[in-house]
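Enquirer: 3D model of this:
(chains A, B, C and D)
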2 protein chains.
Amino acid sequence: MDSTREQLQIFVRRFGLLNASCCDECCGEQVSMAQSHILFEIRRADSPAMQAVAEELGMEITTFSRQIKTLETKKLVSRRVSPDDRRVTLLSLSDEGLRVLTQIDRYMTKRLDHIFGGMSVFERETVVRSLGLLNEAVRRAGEAGSRQEGVVACRK
Amino acid sequence: MDSTREQLQIFVRRFGLLNASCCDECCGEQVSMAQSHILFEIRRADSPAMQAVAEELGMEITTFSRQIKTLETKKLVSRRVSPDDRRVTLLSLSDEGLRVLTQIDRYMTKRLDHIFGGMSVFERETVVRSLGLLNEAVRRAGEAGSRQEGVVACRK
DNA sequence: CAATATTATTTGCATATTGCAACTAATATT
DNA sequence: AATATTAGTTGCAATATGCAAATAATATTG
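Expert: Coordinates of the predicted model:
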């Protein structure tokens, strides 16, 4: 499990770099990595409330609020008041926002193709399946209220 | 490959949250996530030069320089001039720095144990092996000069 | 049903992070 | 010796972040 922690740490870091270079080099629009995550998540959920997205991304609602403001200014995201609860703001991608995200997708996919290209078909399948397992496991571990029971006593 | 991009994106994000909550909740010292990555990398390499670490982490050397200054102030990292080239600064963890990092390790490992706990032994092995493959593949794809040949024409 | 509590979101403010350009010091090249 | 390159630092302006407080809408409760 020890080397697993290391493998994960390194992998996640490298993937982050990939992701960042993508947001940088890709599309002309200036989209930060945080913002690309936001776009990604808005697309994934269907007209999600601000709360929901912020939580999923582990972002302070306050920071999130400001990011959305920026994305709205850039005309990549639009908001509307929920008909069910007028406190709630629902988010959706504008056509342009979707276009930008699609471009990022394309870029990432191309990079990933390249990375996976060095593997055998069998390896590739194994890896993809593993990612599924991993995500599922993280989700399961998370929903049991990671904050509370996950807290480890480790202050000196 | 499409769903792979999605799986990866989500996984990396969630792992990032795990990591962040760790830096937060764990050890009393105030260590940001970026800083924990720096500690991690200094330990992994042996007395690496600033350049090397900054590059591995994909951090601007200028930002990195300041982070190191902070970590030095916190007495978690120490620097010394390279005997071979006096322009070069070599980094190493202080005892305290190592202690903090070890604490973060413990915390992460415990969390990971929990996550992997929901899997069968077989699944676990598959996943760990896949991570190895993935890292290897990313490394290979990276060393061929990802910047140049990886660039995809995608400006509108 | 009025008073109170809760929830969603925004804003002010202080701090931390980042990127770029310019600078210093040391080493390499010519 | 003059010039170029490399490692690292610093100033400055732009962002991003966290916390506390404010606003507005909905829920709860006596």
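Enquirer: in chain A, which spans are helices?
Expert: Assigned helices in chain A, in chain order: A:2-25, A:33-44, A:50-57, A:61-73, A:95-117, A:121-143, A:146-150 (criterion: DSSP state H).
Enquirer: which other helices and strands contact the fourth one?
Expert: Just to be clear, that refers to helix A:61-73. Helices and strands in packing contact with helix A:61-73 are listed as helix A:33-44, helix A:50-57, strand A:77-81; criterion 3 or more Cβ pairs under 8 Å, 6 or more residues apart in numbering or on different chains; DSSP states H and E. Yep, even glycine has a C-beta here, placed from its N, CA and C like the rest.
Enquirer: picking that back up, out of the helices of chain A, which gets the lowest mean score?
Expert: For the helices of chain A, the bottom mean pLDDT is recorded on helix A:146-150, which sits at a mean of 40.
Enquirer: check contacts around the residue nearest the centre of chain A.
Expert: In chain A, the C-alpha nearest the mean C-alpha coordinate belongs to A:H37, at 4.0 Å (Cα atoms, centre = their mean). With contact taken as Cβ atoms under 8 Å, 6 or more residues apart in numbering or on different chains, A:H37 is in contact with A:L57, B:Q9, B:R13.
Enquirer: give me that answer again for 6 Å
Expert: Taking Cβ atoms under 6 Å, 6 or more residues apart in numbering or on different chains as the definition of contact, the neighbours of A:H37 are A:L57.
Enquirer: does stretch A:18-34 reach DNA strand C?
Expert: No - applying Cβ under 7 Å from any atom of the strand, one finds that stretch A:18-34 is not in contact with DNA strand C, the shortest distance being 7.9 Å.
Enquirer: over to stretch A:78-93?
Expert: Yes - when contact is scored as Cβ under 7 Å from any atom of the strand, part of stretch A:78-93 falls within range of DNA strand C: A:R79, A:D85, A:R87, A:V88, A:T89.
Enquirer: ok, the fourth one to A:V53 distance?
Expert: A:V88 sits 12 Å away from A:V53, taking Cβ to Cβ, to the nearest Å as the criterion.
Enquirer: same check on the third one?
Expert: When distances are taken as Cβ to Cβ, A:R87 and A:V53 turn out to be 15 Å apart.
Enquirer: higher neighbour count, those two?
Expert: Neighbour tally, A:R87 and A:V53, criterion other Cβ atoms under 10 Å in any protein chain shown: the higher count belongs to A:V53, 22 against 9.
Enquirer: how about the more buried one: what's its closest non-neighbour residue?
Expert: A:E41 (5.2 Å; Cβ to Cβ, 6 or more residues apart in numbering or on different chains).
Enquirer: so how many other residues sit close to that neighbour?
Expert: The burial count assigned to A:E41 is 19, neighbours taken as other Cβ under 10 Å.
Enquirer: that one and A:A52 touch, don't they?
Expert: No - shown here, A:E41 and A:A52 do not form a contact pair, counting by Cβ atoms under 6 Å, at 8.7 Å.
Enquirer: which bits of chain A sit near chain B?
Expert: In this structure, chain A approaches chain B at residues A:1, A:4-5, A:7, A:10-12, A:14-15, A:17, A:26, A:28, A:58, A:103, A:107-110, A:112-115, A:118-119, A:123, A:126-128, A:130-131, A:133-135, A:137-138, A:140-141, A:152, A:154-155, judged by Cβ under 6 Å from any Cβ of the partner chain.
Enquirer: need the helices of chain A in a markdown table (columns: distance to B:D46).
Expert: Output for those, formatted as a markdown table (distance: least, Cβ to Cβ, whole Å):
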| stretch | distance to B:D46 |
| --- | --- |
| helix A:2-25 | 15 |
| helix A:33-44 | 31 |
| helix A:50-57 | 36 |
| helix A:61-73 | 38 |
| helix A:95-117 | 28 |
| helix A:121-143 | 30 |
| helix A:146-150 | 33 |
